[in-house]
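Engineer: what follows is a predicted structure for the sequence shown.
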Amino acid sequence: MNLRTHASSAALAVAAMAMALSPRLPAAGALEPGVPEIPFDSVPNFLHLPPNLYLGEVAGIAVNSSRHVFVLSRGNTTGPAYGAAAAQLLEFDADGDFVREIGHNLYAWSYAHQVRVDPEDNVWVADKGSDMVVRFDAQARVDLVFGRKPEAADESAHPLAHPKPPLPPIDGLFRQVTDVTWDSGHNIYISDGYINSRVAKYDRDGNWIGSWGEPGDGPGQFNTLHAIVADRQDRIYVADRGNARIQVFDTAGKLLQIIRIDVPAPPNAPVAIGNRPAQSGRADGSPAGGGTMQPGSPWAMCITAGPVQYLYVSDAYPGRIYKLSLDGKVLGWLGGTGKVPKKFGWIHSMACPTDNELYVAELLNWRAQKLLLHPH
């Protein structure tokens with residue numbers, strides 16, 4: 001099965017149709033009049049860390065069927081200022097009490113990016129620094145490993161280069177991997193995200209099936225695949241962060257939909273760090289200068305498990321969370337940039353076990369928050 005060839009042909013066909021019919025693909029998520037702000041609360045100090053244990057940048061958060069919370073932090077580092085290993089996986093019970101550290105000094109720990117829990121309560125970690133995805137079973141034993149960490153003994157060992165154009169991807173190897181999800185047949189989808197710009201697909205036993213995607217801003221192309229989730233209909237949602245959009249595919253890599261979140265930022269919205277992003281774009285709605293800091297540019301995503309599924313998406317500026325129907329309609333938003341509870345500093349990961357209960361991981365504030373939503 002050549003998913004890459006299939007996806008490239010499909011992308012070209014979709015692009016041709018889009019150019020013939022309209023300036024861009026029909027994009028859901030356009031601003032609806034009166035998109036409401038959703039009131040919510042943040043549970044005070046919901047994680048209870050033991051003495052002398054601290055979180056660094058919280059890159060990932062996930063919840064299992066027992067309501068245990070798994071926090072992947074860029075902590076546990078005593079190395080050099082540059083190039084230090086920064087990854088630690090911690091488990092908390094439903095009351096937020098510390099249970100254990102998982103994978104202490106694991107070979108794959110390098111630079112934490114994402115943690116997910118699958119329907120069988122296996123815990124998956126994507127490590128951007130080691131280019132590896134690791135699955136722990138429910139007893140916290142390593143039972144599946146994807147990718148390979150560069151050899152420390154290699155005289156040419158160094159951080160990944162970013163040549164332009166990128167080097168061709170290699171089956172089974174990642175370059176700055178970001179996230180993982182599954183379909184109803186337990187096939188595995190990995191967002192190989194910063195450099196390779198593709199979705200890699202494996203079967204349930206971990207055998208390589210193929211991949212789709214390439215760098216670019218056209219349909220089916222990517223600029224930093226930062227998160228990936230699947231719904232019950234086996235639609236695969238990819239956060240194409242640099243292009244400020246979510247692309248939706250079937251399990252063979254066929255592009256089904258492009259979602260853009262168009263809820264403008266207030267002119268005085270605070271900026272978490274750095275200069276205020278330029279709010280301008282091209283005629284087709286895509287960002288003019290890169291979409292990472294555009295309002296609605298997807299950093300984190302989760303899909304609820306209820307009878308009616310919803311998609312939650314976060315951005316870095318103006319630091320909001322958006323609630324969407326699965327067809328891409330924006331139903332509401334909450335939050336904004338800041339350092340106090342109920343404000344956010346670069347949400348990097350989210351878990352949404354119920355429609356109105358969210359767990360969010362923040363990079364800049366070195367914390368996780370549990371949010372309880374009160375929609376109208």
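Structural biologist: Sure, I can see it.

Engineer: low-confidence regions, the protein specifically.
Structural biologist: Residues of the chain meeting the criterion pLDDT under 70: 1-33, 279-290.

Engineer: where do the helices sit along it?
Structural biologist: Remark: helices assigned in the chain by DSSP state H are 3-21.

Engineer: who touches the most centrally placed residue in it in this structure?
Structural biologist: Here the mean C-alpha position of the chain is nearest to the C-alpha of Ala227 (C-alpha atoms, centre = their mean), at a distance of 2.4 Å. Contacts here follow C-beta atoms under 8 Å, 6 or more residues apart in numbering; on that basis Ala227 touches 114, 178-179, 191, 238-239, 241, 298-301, 349. C-beta coordinates here come from the backbone N, C-alpha and C atoms, glycine included.

Engineer: what number of residues lie near the residue lying closest to it once chain neighbours are set aside?
Structural biologist: Leaving aside its chain neighbours, Ala227 sits nearest to Ala239 (3.9 Å; criterion: C-beta to C-beta, 6 or more residues apart in numbering). Neighbours of Ala239 under the rule other C-beta atoms under 10 Å: 29.

Engineer: what about Ala239, distance to Met350?
Structural biologist: Relative to Met350, Ala239 is positioned 11 Å away (C-beta to C-beta, to the nearest Å).

Engineer: and stretch 362-376, end to end?
Structural biologist: 26 Å (C-alpha to C-alpha, to the nearest Å).

Engineer: what residues sit buried inside that stretch?
Structural biologist: By neighbour count, and taking 16 or more other C-beta atoms under 10 Å as the criterion, the buried residues in stretch 362-376 are 362-371, 373.

Engineer: that older thread, mind putting the contacts of Ala227 into JSON lines with distance to Asp327?
Structural biologist: Shown next, in JSON lines, are the contacts of Ala227 (distance: C-beta to C-beta, whole Å):
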{"residue": "Gln114", "distance to Asp327": "25"}
{"residue": "Thr178", "distance to Asp327": "25"}
{"residue": "Asp179", "distance to Asp327": "22"}
{"residue": "Ser191", "distance to Asp327": "22"}
{"residue": "Val238", "distance to Asp327": "16"}
{"residue": "Ala239", "distance to Asp327": "17"}
{"residue": "Arg241", "distance to Asp327": "21"}
{"residue": "Pro298", "distance to Asp327": "16"}
{"residue": "Trp299", "distance to Asp327": "21"}
{"residue": "Ala300", "distance to Asp327": "20"}
{"residue": "Met301", "distance to Asp327": "15"}
{"residue": "Ser349", "distance to Asp327": "24"}
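
Engineer: closest to Val271 among these?
Structural biologist: Trp299 (14.8 Å; C-beta to C-beta).

Engineer: number of residues surrounding that closest one?
Structural biologist: Neighbour count of Trp299, defined by other C-beta under 10 Å: 23.

Engineer: that one touches Ala244, doesn't it?
Structural biologist: No: using C-beta atoms under 8 Å, Trp299 is not in contact with Ala244, being 10.7 Å away.

Engineer: hmm, back to that, residues shared between the contacts of Ala239 and Met350?
Structural biologist: 300-301.

Engineer: taking the buried residues of stretch 362-376 together, which two end up most distant?
Structural biologist: Longest distance between any two of the buried residues of stretch 362-376 is 23.6 Å, between Trp366 and Leu373; criterion C-beta to C-beta.

Engineer: quick one: the strands in the stretch 1-150 of the chain, in order.
Structural biologist: Taking DSSP state E, counting those that start in this stretch as the test, the strands found in the stretch 1-150 of the chain are 27-28, 40-42, 57-63, 69-74, 88-92, 98-102, 112-117, 123-127, 132-136, 142-147.

Engineer: for Gly274, which of those is the nearest?
Structural biologist: Nearest to Gly274 among those is strand 57-63 (15.8 Å), distances taken as C-beta to C-beta.

Engineer: quick one: residues in contact with that closest one.
Structural biologist: 69-74, 86, 112-117, 123, 125-126, 348-351, 353, 359-364, 366-368.
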